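# I need the structure of the sequence given here:
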Amino acid sequence: MRRQELLVTTAADGSATATSPRLSGKIHSIQYQKVDFADTVDFTITAEKTGESILTAANVTASKSFYPRAPTQAQDGTAALYAASGTPVSDKIGIANDRVKIVIAQGGNIKSGKFHILVD
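Next comes the predicted model:
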């Protein structure tokens, strides 16, 4: 497993965009470590090259760990479901030679937070 740490600092309007170095593998988790972002901070995390959604969180007030997963499909493109309950089957999100892009909104005037991306 590999860890990539990003310190993200906002502009005066509370926004910021940061990207990781290129990564390959399945995203195991993303830990947000609050430094001094406002309690209204929103973040949207995607794969830069494909735009695939990895994580979206709004009004985050404290450090938190996220374990993002994506729904899977059967060979015919229909949703894969657990037979007994009809609950969707999810799996880790894979990236290949891509960067993780973090977009911050409402983070406060020149405030910071850290993101630890664990890739397996």
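# can I get the CA coordinates of the helix or strand hosting G94 in PDB?
Following DSSP states H and E, one finds G94 within strand 93-98. Output of strand 93-98 as PDB, limited to C-alpha atoms (Å, rounded to 0.1, in the frame of the first residue of the first chain):
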ATOM      1  CA  ILE A  93     -12.200   2.600  -7.300                       C
ATOM      2  CA  GLY A  94      -9.300   1.800  -9.600                       C
ATOM      3  CA  ILE A  95      -7.000   4.400 -11.100                       C
ATOM      4  CA  ALA A  96      -4.200   3.900 -13.600                       C
ATOM      5  CA  ASN A  97      -1.400   6.400 -14.100                       C
ATOM      6  CA  ASP A  98      -3.900   9.100 -13.100                       C
END
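# give me the contacts around the helix or strand that it is followed by.
Downstream of strand 93-98, the first helix or strand assigned by DSSP H and E is strand 100-105. The contact list for strand 100-105, computed with C-beta atoms under 8 Å, 6 or more residues apart in numbering, reads 4, 6, 8, 10, 14-20, 23, 27, 37, 41-48, 54, 113, 115, 117. All C-beta atoms are positioned from the backbone trio N, CA, C, and that covers glycine.
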